[in-house]
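> Sequence and predicted structure are below.
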Amino acid sequence: MHRSGTSALAGISHLLGAAAPAGMMEPEADNPLGFWESGPITALNEAIFRVLDCAWCDSLAFDSANIGPTSRSELAPLLASVLTQEFGDAALFVMKDPRFSLVLDLWLPTFVAMNVSVAPVLALRHPAEVASSLRRRDDMPIELAAPLWLHYTLEAERLTRGRRRAVLSYDRMLQDWRGCLARITAEAGIAWRVPLDSAAPAVGEFLRPHMRHHHAAAGKVVVGRPPLSAWIAETYSALRCIEDGERDAHHARLDRVRTEFAVWRAGTPHISMAAAAGREPITMSNTPATASASPATSSGRKVAFS
């Protein structure tokens, strides 16, 4: 999910030897140490959303299964082209975009075709902190932030389950980045090109706990209203347990929440931050792989293609 420490994790990965994208977004006031995110890849992922008339902040109705075979066939060469454009022949690279939580399955065939091994690391942050950060940056109401956190988080877990992966919570990363990186290295099977000890001074300088502006109180998780609040608490608890190495029983918890949440999404009118006026449908064939974008982190920003 957005605002979960993904930029910090991607930046650390770069310091450990993972190549950053060629078209990396510029830092902004809300992320002065950088997004470590590819503008063209983010634009392409946002274009995938727009095929179903969605956006990153207006995606509760998004289901990649609704993207038909024609759009998928148009998408494949664009994904391959932008992957080559952004990372060339790098032996290890870091791809960071919260939108992968919802569109990863559309990328997986391209990774296979290009012989790219995927090692997912799920960034997890207390949902109350995420909601507070989204309100501060985007003026996003809790009525949208709560279900959006749940949607992104559940889908990220579902789309990476069965793969060699790791879950990394933001608070633990700030408390003990060495221990956390050692653990995810083993769990996700990442062969860093720079040893942890060698990278320690640079990581220590980069990772600045004082830049964490939102702190949720320890104890019971209460975000949003019922039934969302109960599902969010259950999901966060289950993922913390998975982070600690417990899996199968907590997969069942997440599956139950996902089923109930899907019924809620299908039957509940949703608040939207995206303006319907002016948004025109697009197809993959008229979205070039050289697309570029701003971080598109507020409802007022528009994706631009060039």
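Noted; the coordinates are in hand. Worth saying up front: this structure is predicted, and the values here are computed from it rather than measured.
> Which secondary structure elements does the helix or strand containing W149 sit against?
Using DSSP states H and E, the element containing W149 is helix 142-160. Using 3 or more CB pairs under 8 Å, 6 or more residues apart in numbering; DSSP states H and E as the contact test, the elements touching helix 142-160 are helix 100-113, strand 121-124, helix 127-138, helix 228-243, helix 248-267. For glycine as for every other residue, the C-beta is placed from the backbone atoms N, C-alpha and C.
> helices and strands around the longest one, which ones?
Meaning helix 248-267. helix 142-160, helix 228-243.
> Alpha carbons of the helix holding W149, as PDB, please.
Provided in PDB are the C-alpha atoms of helix 142-160 (Å, rounded to 0.1, in the frame of the first residue of the first chain):
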ATOM      1  CA  ILE A 142     -10.800   7.800   6.200                       C
ATOM      2  CA  GLU A 143     -13.900   6.500   4.300                       C
ATOM      3  CA  LEU A 144     -11.700   5.900   1.300                       C
ATOM      4  CA  ALA A 145      -8.300   5.300   3.000                       C
ATOM      5  CA  ALA A 146      -9.600   2.400   5.100                       C
ATOM      6  CA  PRO A 147     -11.000   0.200   2.300                       C
ATOM      7  CA  LEU A 148      -8.100   1.200   0.000                       C
ATOM      8  CA  TRP A 149      -5.500   0.000   2.500                       C
ATOM      9  CA  LEU A 150      -7.400  -3.300   2.800                       C
ATOM     10  CA  HIS A 151      -7.800  -3.800  -0.900                       C
ATOM     11  CA  TYR A 152      -4.100  -3.100  -1.700                       C
ATOM     12  CA  THR A 153      -2.900  -5.200   1.200                       C
ATOM     13  CA  LEU A 154      -5.100  -8.300   0.600                       C
ATOM     14  CA  GLU A 155      -4.300  -8.300  -3.100                       C
ATOM     15  CA  ALA A 156      -0.600  -7.900  -2.600                       C
ATOM     16  CA  GLU A 157      -0.700 -10.900  -0.300                       C
ATOM     17  CA  ARG A 158      -2.800 -13.000  -2.600                       C
ATOM     18  CA  LEU A 159      -0.800 -12.300  -5.800                       C
ATOM     19  CA  THR A 160       2.500 -13.200  -4.100                       C
END
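> Name the residues of that helix that are buried.
142, 144-160 (16 or more other CB atoms under 10 Å).
> Under the pLDDT cut-off, which ranges of this structure? List them.
Along the chain, segments meeting pLDDT under 70 span 30-32, 34, 209-219, 274-306.
> Just want the most central residue of it.
The residue lying closest to the centre of the chain (CA atoms, centre = their mean) is P98, at 2.0 Å.
> Nearest residue to that one in space, please, no chain neighbours.
Nearest residue to P98, sequence neighbours excluded (CB to CB, 6 or more residues apart in numbering): H2, at 4.5 Å.
> picking up where we left off before, any chance of the helices and strands packed on helix 248-267 in TSV, plus distance to M173?
Shown next, in TSV, are the helices and strands packed on helix 248-267 (distance: least, CB to CB, whole Å):
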stretch	distance to M173
helix 142-160	17
helix 228-243	11
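> Looking at those helices, which is nearest to P195?
helix 228-243 (23.7 Å; CB to CB).
> Tell me which residues are up against that closest one.
For helix 228-243, the external contacting residues (CB atoms under 8 Å, 6 or more residues apart in numbering) are 122, 124, 126-127, 146-147, 149-150, 153-154, 157, 166-169, 172, 220-224, 250-251, 253-254, 257, 260-261, 264.
> now swap in stretch 247-266 and tell me
For stretch 247-266, using CB under 8 Å, 6+ apart, the contacting residues are 60-61, 147, 150-151, 154, 157-158, 161, 227-228, 231, 234-235, 237-239, 241-242.
> hmm, try it at 10 Å
With contact meaning CB atoms under 10 Å, 6 or more residues apart in numbering, stretch 247-266 is reached by 60-63, 147, 150-151, 153-155, 157-158, 161-162, 227-228, 230-235, 237-244.
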